[in-house]
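1. what follows is a protein structure lacking sequence information:
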């Protein structure tokens, strides 16, 4: 099987490429250095050149400081050219969406939760997911959207919470935390990758299927720090209120993963303590 992975240089993309190659796939990874996915002509040409059986659409932008950056982020996160660029042999597109496509809710979020994106990034991800579903249905291409919750693991961006907390355990630095309670559903990167692979191979999925990928367990930032202290055996200093927080922070943010269990046979295999231990050991 030939796979094309866009966003292959990103956090999840690197793990997915490694998993696919270990499974015997022939993999072409596209990074920003290989093709500008904000340029529909160049991006479509790059897809056609690989002639893939499956496209894993993981590329994502976040820049939004200038109008040009916003336009490029919209172009990458929506990729409206993608389905039209697919060769006839392509059997599936698996898109990595985001839990930020949903509005906040006090209960576990299922796939029928209203789309009410939390911020610019979430809005572009939601738009891209809807565009893929519509275009794939028109072309008769099997497409699946995986809305991942808070992904973590080795190789994550150093400014994200888990790398910051584990770095503080090593250095003795203080972790700045938001004043308000923030909870998230932390899902191990390897489990997210496994869901991607299962979706690609599931020929019986309904068109445009959407699956939430998370553990069904939400953990506050303070609880995560406490777990990291247990895993590392080191104290971690924190400063509540020293971080401004993010627009999508909320007291409740948790996935209902039942649909992925039923349709993909998928379940998270690594809990937070195990995942933090693996991340700590990999650094």
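-> Alright, I've got the coordinates. Keep in mind it's a predicted model, so treat the numbers as computed, not measured. Numbering: from 1, shown residues only.
2. so residue 245, which of the three states?
-> Classification of residue 245 using DSSP: H, G, I helix; E, B strand; the rest coil returns coil.
3. contacts only, for it.
-> 178-180, 182 (Cβ atoms under 8 Å, 6 or more residues apart in numbering). Glycine gets a C-beta too; all of them are placed from N, C-alpha and C.
4. the protein: helices as residue ranges?
-> Ranges of helices in the chain, per DSSP state H, are 11-22, 40-50, 67-78, 82-85, 120-139, 161-171, 189-201, 221-232, 258-264, 272-282.
5. okay if I get those as a markdown table plus mean neighbour count, mean pLDDT and distance to residue 1?
-> Converted to a markdown table, the helices of the chain look like this (neighbours: other Cβ atoms under 10 Å; pLDDT from 0 to 100; distance: least, Cβ to Cβ, whole Å):
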| stretch | mean neighbour count | mean pLDDT | distance to residue 1 |
| --- | --- | --- | --- |
| helix 11-22 | 19 | 98 | 8 |
| helix 40-50 | 16 | 93 | 12 |
| helix 67-78 | 17 | 96 | 25 |
| helix 82-85 | 20 | 93 | 19 |
| helix 120-139 | 20 | 94 | 19 |
| helix 161-171 | 19 | 97 | 32 |
| helix 189-201 | 23 | 98 | 8 |
| helix 221-232 | 18 | 96 | 37 |
| helix 258-264 | 17 | 97 | 17 |
| helix 272-282 | 17 | 98 | 28 |
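6. turn these into a markdown table, columns for distance to residue 111.
-> Putting these into a markdown table (distance: least, Cβ to Cβ, whole Å) gives the following:
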| stretch | distance to residue 111 |
| --- | --- |
| helix 11-22 | 20 |
| helix 40-50 | 27 |
| helix 67-78 | 20 |
| helix 82-85 | 21 |
| helix 120-139 | 11 |
| helix 161-171 | 26 |
| helix 189-201 | 13 |
| helix 221-232 | 26 |
| helix 258-264 | 5 |
| helix 272-282 | 23 |
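7. for residue 32, find the nearest of those helices.
-> With Cβ to Cβ as the criterion, residue 32 lies closest to helix 67-78 of the helices of the chain, at 9.2 Å.
8. could you check the angle helix 40-50 makes with the closest one?
-> On the basis of axes from the mean of the first three to the mean of the last three Cα atoms, to 10 degrees, helix 67-78 is oriented at 30 degrees to helix 40-50.
9. and the furthest pair within the contacts of residue 245?
-> When Cβ to Cβ is used, the two most widely separated members of these are 179 and 182, lying 9.7 Å apart.
10. name the residue in these two with the higher neighbour count.
-> When neighbours are counted by other Cβ atoms under 10 Å, residue 182 comes out ahead of the other of residue 179 and residue 182, with 23 against 11.
11. for the contacts of residue 245, which one is nearest residue 273?
-> Looking across these and measuring by Cβ to Cβ, the closest to residue 273 is residue 182, at 19.3 Å.
12. contact partners for the residue nearest to the spatial centre of the chain?
-> Closest residue to the average C-alpha location of the chain: residue 148 at 4.8 Å, with Cα atoms, centre = their mean. Taking Cβ under 8 Å, 6+ apart, we find residue 148 in contact with 12, 96-99, 187, 192, 195, 213-214.
13. if we use 7 Å, what do you get?
-> The contact partners of residue 148, taken as Cβ atoms under 7 Å, 6 or more residues apart in numbering, are 96, 98-99, 187, 192, 213.
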